[in-house]
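*Asks:* here's my sequence, what's the structure:
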Amino acid sequence: MASTTSQNGMVPRPPTSFEYWSMHNSLQGQICHLQKQLSMEYNWRVQVSQELEDTKQQLSNQKRLKELFINKEKEAKKELARLQNYSDAETLNASNIASQVRSNIKRRKKRDLQQDYEELKVAHIINEEKFNAELQAHKDKIKALEDELKLYQEKCNTSLHTEENNKVQDELKLSQEKLTAELKTEKENHEVVQNQLKLSLEKLTAELKTEKENHEVLQNQLKLSLEKLAAELKTEKENHEVLQNQLKLSLEKLTAELKTEKENHEVVQNQLKLGQEKLTAELKTEKENHEVLQNQLKLSLEKLTAELKTEKENHEVVQNQLKLGQEKLTAELKTEKENHEVLQNQLKLSLEKLTAELKTEKENHEVVQNQLKLSLEKLTAELKTEKENHEVLQNQLKLSLEKLTAELKTEKENNEDTQKLGQDKLMLELHLEKQKNLALNYELRISQTRFTAELQQKQQTVMGLKEDLKTLVQKMKDEQDTLYTEIENLRAHITIQFSTELQVEEGQEQPEEHENDLPQAEETETTPRKSTFKRFRHFLGLRKPQRWKRPAVPASTSGE
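*Replies:* Residues are numbered from 1 along each chain as shown. Now for the predicted structure:
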């Protein structure tokens, strides 16, 4: 019996329903925590997408403003170039030539002057007709050149616009790369959290397996102990029957001797007294052995309670570890939130910088406008002065037209070659820029599809984890139900056997009143456990489900 108790002392206790309940609550808390993390990540992504859209709108507005400023600057430059053509030194030198001509005319005679005048009129009329025809042709050519310049300007504007679009797209690419890097880091953190949860679940499953194995070992040891107790009871019953038979034989012999030997009756009485004393001594020894067995059982129960305490302490340690893990996760979430706030602050700073740059550009634009106004006022004053000199310039222009016609012919030939080369270059540049824009749009579509695919994969993984957790919780519940029913059956079986053994042993030694007291004592020993568990359960506000209710075992015990 001592060996059996020692073996029972080394075996761990099976987990209680409260421990399973606490583990279930901890798993539910972890699941809620994961759901909160996923909702936070989704909200953060939505905010980032909204901020990107806002930045895109702001960039488009900035592009429009820049285009307006560039067009205004080009117009102002054109006006300045036109005004500078009227303020050349060559045109001013023509006034000096006119004064020299007047001095020469004063020295000549009237007849010579009249002849020269008639010749000049004829030549003047002929030249006027020629020059008018040439001027009209020149004007037509100038209009054609202006149209070509407008087309060239439009092409240049489109090229500048495409260049700005490329810059904006490069900036968007950089921002997208940053976001992808941040998403990768978040994915890695999320995968680390998932791996930690998987490890914790694997640990819990391993612990459950070990507890099941320990429970099976306990059941086997209890069965062995019960078999040993049954064998010992059988041997004791056989010895008791042998003693009864021996006593019967001795009584028969004594009756025969009493009939034959009445004279030695006093001696026989003394011998009977001695036999009774021996029997009482033997009964006392048996009672002492029975008390020793009870003490051993009490010691085994105390050992089991101590082991229960140790297991509870270990369970508290595990709970503390889980709390520490949760605190670490909260700390990591705080760091991620801080990083997100830092990114938001950086975006705000970038927006403030852009607004400041826009303000500076507006101020510069106002300064340029003021300068243009001043320059226009100066130019108007200069035009007034130049109008007075315009009459003098007309005579000089007639002389310079012949030179200009020759120069225009040479310039036309040069311009045609340069225009052809410029048009070819512009066409090539436009074609290359179109290809670049198409490639960028294709890359943007690919990145959007990737982001959507990654989000769908994350959602699928989260759903799979939820389903795995649900299955694990159901398995835990089923295992709790089976363990609870097995423990209750074992308790009922042990109590029945123990009560029957005590009734058999004490039925022959003590009166019926003392026999009736033993099951009451056993009931008092068993009932407080149930009442404390029920009180604790009611204190927590729990209710026993229908699965956990006992099978119809007490009816069979009462029948037996």
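*Asks:* and the helix or strand hosting residue 259, what's its mean pLDDT?
*Replies:* Element membership for residue 259, per DSSP states H and E: helix 110-260. Across helix 110-260, the average pLDDT comes to 79.
*Asks:* numbering from 45 from now on, please.
*Replies:* Got it, the first residue is 45 from now on, which makes the last one we talked about helix 154-304.
*Asks:* how much space between residue 520 and residue 78?
*Replies:* 18 Å (C-beta to C-beta, to the nearest Å). Every residue, glycine included, has its C-beta placed from N, CA and C.
*Asks:* can you check residue 229 too?
*Replies:* Using C-beta to C-beta, which is the criterion applied here, residue 229 is 18 Å from residue 78.
*Asks:* the two: which is more packed in?
*Replies:* Legend: neighbour count by other C-beta atoms under 10 Å for residue 229 and residue 78, higher for residue 78 (19 against 12).
*Asks:* give me the pLDDT for residue 348.
*Replies:* Residue 348 is given a pLDDT of 74.
*Asks:* and residue 362, by the same measure?
*Replies:* pLDDT, read off for residue 362, is 72.
*Asks:* that one: what secondary structure?
*Replies:* helix (DSSP: H, G, I helix; E, B strand; the rest coil).
*Asks:* could you check how far it is from residue 270?
*Replies:* 33 Å.
*Asks:* neighbours of residue 174, how many?
*Replies:* Residue 174, neighbours per other C-beta under 10 Å, totals 13.
*Asks:* and it, how far from residue 450?
*Replies:* 14 Å.
*Asks:* so residue 327 is in which element?
*Replies:* helix 309-553.
*Asks:* next: residue 307.
*Replies:* With DSSP H and E as the test, residue 307 turns up in no helix or strand.
*Asks:* for residue 314, give me the pLDDT.
*Replies:* 76.
*Asks:* ok, it to residue 473 distance?
*Replies:* Counting by C-beta to C-beta, the gap from residue 314 to residue 473 is 141 Å.
*Asks:* now the host helix or strand of residue 93: average pLDDT?
*Replies:* According to DSSP H and E, residue 93 maps onto helix 61-130. Helix 61-130 shows a mean pLDDT of 81.
*Asks:* tell me the pLDDT of residue 395.
*Replies:* pLDDT recorded at residue 395 is 67.
*Asks:* tell me what angle the helix holding residue 93 forms with helix 154-304.
*Replies:* 180 degrees (axes from the mean of the first three to the mean of the last three C-alpha atoms, to 10 degrees).
*Asks:* other SSEs contacting helix 61-130?
*Replies:* helix 154-304, helix 309-553 (3 or more C-beta pairs under 8 Å, 6 or more residues apart in numbering; DSSP states H and E).
*Asks:* okay, those in JSON lines with distance to residue 83 next?
*Replies:* Shown next, in JSON lines, are these (distance: least, C-beta to C-beta, whole Å):
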{"stretch": "helix 154-304", "distance to residue 83": "13"}
{"stretch": "helix 309-553", "distance to residue 83": "11"}
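*Asks:* ok, which of those comes nearest residue 60?
*Replies:* Taking C-beta to C-beta, helix 309-553 is the member of the helices and strands packed on helix 61-130 nearest to residue 60, at 8.4 Å.
*Asks:* give me the neighbour count for residue 329.
*Replies:* Counted with other C-beta under 10 Å, residue 329 comes out at 10.
*Asks:* and what of residue 123?
*Replies:* Residue 123 has 13 nearby residues by other C-beta under 10 Å.
*Asks:* ok, now which ones touch residue 256?
*Replies:* residue 523 (C-beta atoms under 8 Å, 6 or more residues apart in numbering).
*Asks:* that one and residue 242, how far apart?
*Replies:* For residue 256, the distance to residue 242 - C-beta to C-beta - is 21 Å.
*Asks:* again, but for residue 218
*Replies:* From residue 218 to residue 242 the distance is 36 Å (C-beta to C-beta).
*Asks:* about what we covered before: who's more crowded, residue 314 and residue 473?
*Replies:* residue 473 (16 against 11).
*Asks:* what's the closest non-adjacent residue to that one?
*Replies:* Of all residues not flanking residue 473 in the chain, residue 203 sits nearest, at 5.9 Å (C-beta to C-beta, 6 or more residues apart in numbering).
*Asks:* so the one you found sits right up against residue 475, yeah?
*Replies:* No. The pair residue 203 / residue 475 is not scored as a contact, 11.4 Å apart, by C-beta atoms under 8 Å.
*Asks:* the more surrounded of those two?
*Replies:* Each of residue 203 and residue 475 has its neighbours counted (other C-beta under 10 Å); residue 203 has more, 14 against 10.
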